[in-house]
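Colleague: next comes the sequence, and after it the predicted model I'd like to discuss.
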Amino acid sequence: MVQVVFVHPDLGIGGAERLVVDAALALRRKGHDVQFFTAHHDPGHCFPETRDGQLEVTCIGDWLPRSTFGMLAAFWAYIRMIYVSLYLVMFSGIKYDVVFVDQVSACIPFLRMKGGTKIIFYCHFPDQLLTERKSFLKKVYRYILDTLEEKTTSQADCVLVNSHFTASVYKETFKSIKTSPSVLYPSLDFDNFDKYSSLTLKDVDLDLDSECIFLSLNRYERKKNVSLALQSMKLLLDILNKDEIARVHLVIAGGYDDRVQENIEHYRELYTLATRLGILEKITFLKSPSDKVKFALLRFAKCLLYTPDKEHFGIVPLEAMYVGTPVIAVNSGGPTETIVSEETGFLCEPNPEDFAKAMQKFVTGINDKDSMGEAGHSRVVSNFSFIKFSEHLNYIVQGLIDERKLK
C-alpha cells in the first residue's frame, strides 16, 4: 500500500477537480491510502465524493486572500498552495510516500523538504499561457511567475498531462525541461452514469418538452466560448422552417460560483447576448446543475455543443458520448483525440456557420443520434474507461515507489 496525498488549490466542481477526485478514487480502489489537502473546500460546491466520506479532505489556509482588489490572483494561488504544502510537511504529522500536485507547481520545492517523497505534477496546461499580459508591469509580474513555474515544474519526479495536444504545448513552452511528460487521459467512472440511467427530464424537474434539445455544458468562463453556441443557435433558427423551429431548444448549463467575479459577469453577458439575438425564449440557463440534472440533460440532448477552442482535453464530450449523445466540437485541442468526426459527432471550425450546419443535420434527421451515439459509447468504453485510467495511474505511482526502493 502506498500512502498518497493530493495537494490541490480549490476543490470545486471543474474539470481539474473531477480529474484529481477520480485519481484519488482510482488509487484507493487499488488499495492505496489517499487523502486531500486543499486551500478551499465548500461542501455546497464540490463533488460528492469529497463530502460524503469517500475521500478525506483537510482544508488549510482558506483565510488567505484569493486576490488583491481583483488582481494578483496567480500570486495568491501560489501563496495558498505553498502554505498548504508547508502545513503538510511541517505540521500535519501524517506519513506519506507520494504527493500528487496539480495546477500550481510553485509548492513543489517546499514539498521536497520531506526527504524520500516522490512528487507527481499533473499539468492540465501551462499556467503562463492562460493569461494576457498587456501592460509593462503585467509583463514583469508574469515573467517572474512564468520563470518560477518552469523551474518548479522541472523538480517533479513525474509530470503528467491530459492529452497529446497538451504534451506538445508543454514541450514548446518549457524549453529548459528536456524530459517529456507522460499522457494520462482523464476517464469516466461509468457507475456514476449508470445509476442515473433511468432518469427523465421530468424526474429532475426540468420542463423541457422540445424534441431537439442542444446542450452546452461548460463553466461560466469566457475562455469556454459559450457565446459560439448562442450565435450558432441564432443562425440555425434562421435557416429552419416554422415546424422545425418549434422543436428546437438550447440549454446553457455549467459551473457557477458566486465567489468568482468572471462567473457572475459572463452569465450576464450570455443572457444579454441571447436577448440581443432575439432567441431568449429558445434558451434555458442553468447554474451549477446537480449530477442528476447534468446526466439527464446529457442523455436526452440531441447533441452536445462543445465550444472551447484549443481545449486542453475536455471531459464533457466523453460524458456525452458515453450516454449515447453525439458531440459537435471545435476542431482543435483535446477533442481531436476523443471525437471521430462524422462517426461520433462533428469537428468544426470555431464559427457559427459551421456549427449551425452540423446542428441542422440533427434537426432534419440527416444524421441519426442513435447510430452516432452507439459509436461514441463504444469509443469511450474502449479507450477511456476508469479501469484503464486506474491501471495506468497505479503503474505510474507504483513505479515511482519501486524505483525508490531499488536505490
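Modeller: Done, it's in.
Colleague: rest of the way, CA atoms for contacts and neighbours
Modeller: OK.
Colleague: surely Val99 touches Lys114?
Modeller: No: distance between Val99 and Lys114: 10.7 Å, which falls outside the contact criterion (C-alpha atoms under 8 Å).
Colleague: the more surrounded of these two?
Modeller: Remark: of Val99 and Lys114, Val99 carries more neighbours, 25 against 15, as counted by other C-alpha atoms under 10 Å.
Colleague: next, that one: phi, psi?
Modeller: Recorded main-chain torsions at Val99 are phi -120, psi 130, according to degrees, to the nearest 10.
Colleague: contacting residues for it?
Modeller: Val4, Val5, Phe6, Val7, Thr117, Lys118, Ile119, Ile120 (C-alpha atoms under 8 Å, 6 or more residues apart in numbering).
Colleague: who are the packing partners of the longest helix seen in the chain?
Modeller: Once the chain is assigned using DSSP state H, the helix that runs over the most residues is helix 386-406. Of the remaining helices and strands, those touching helix 386-406 by 3 or more C-alpha pairs under 8 Å, 6 or more residues apart in numbering; DSSP states H and E are helix 15-29.
Colleague: so how far is the helix or strand just after the helix it packs on from its chain's centroid?
Modeller: Toward the C-terminal end, the helix or strand that comes next after helix 15-29 (DSSP states H and E) is strand 33-38. In terms of C-alpha atoms, centre = their mean, to the nearest Å, the gap separating the centre of strand 33-38 from the centre of its chain is 20 Å.
Colleague: and the helix or strand following strand 33-38, what's its mean pLDDT?
Modeller: Sequence order places strand 56-59 as the next helix or strand after strand 33-38, per DSSP H and E. Per-residue pLDDT values across strand 56-59 average out to 96.
Colleague: output strand 56-59 as CSV, nothing but the C-alphas.
Modeller: Output for strand 56-59, consisting of C-alpha atoms alone and laid out as CSV, is shown next (Å, rounded to 0.1, in the frame of the first residue of the first chain):
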residue,chain,number,x,y,z
GLU,A,56,-10.7,12.6,3.4
VAL,A,57,-10.2,16.3,2.9
THR,A,58,-8.2,18.7,5.0
CYS,A,59,-8.7,22.4,4.3
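Colleague: buried sites along it?
Modeller: Val57, Thr58, Cys59 (16 or more other C-alpha atoms under 10 Å).
Colleague: what's the offset of that strand from the middle of its chain?
Modeller: If you compare the mean C-alpha spot of strand 56-59 with that of the full chain, they lie 21 Å apart, counting by C-alpha atoms, centre = their mean.
Colleague: low-confidence ranges, this structure, go.
Modeller: Screening the chain residue by residue with the criterion pLDDT under 70, one finds the ranges 404-407.
Colleague: domain map for it?
Modeller: Using automatic domain parsing, the domain parsing of the chain gives 3-187+385-406, 191-383.
Colleague: what about the last one, how long is it end to end?
Modeller: One end of domain 191-383 to the other measures 16 Å (C-alpha to C-alpha, to the nearest Å).
Colleague: before we move on, back to that, I'd like the buried residues of strand 56-59 written out as JSON lines, with distance to Leu199 added.
Modeller: Compiled in JSON lines, those are given as follows (distance: C-alpha to C-alpha, whole Å):
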{"residue": "Val57", "distance to Leu199": "30"}
{"residue": "Thr58", "distance to Leu199": "34"}
{"residue": "Cys59", "distance to Leu199": "34"}
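Colleague: name the nearest of those residues relative to Tyr271.
Modeller: Within the set of the buried residues of strand 56-59, Cys59 lies nearest Tyr271; the separation is 34.8 Å, counting by C-alpha to C-alpha.
Colleague: list the contacts of that closest one.
Modeller: Under the criterion of C-alpha under 8 Å, 6+ apart, the contact list for Cys59 reads Phe37, Thr38, Ala39, His40, His41.
Colleague: and the closest residue to the last one other than its chain neighbours, its phi and psi?
Modeller: Counting by C-alpha to C-alpha, 6 or more residues apart in numbering, His41 lies nearest to Leu11, which is 5.2 Å off, once chain neighbours are set aside. Backbone torsions of Leu11, given as degrees, to the nearest 10, read phi -80, psi 70.
Colleague: residue contacts, Leu11?
Modeller: Glu17, Thr38, His40, His41, Asp42, Cys46, Phe47.
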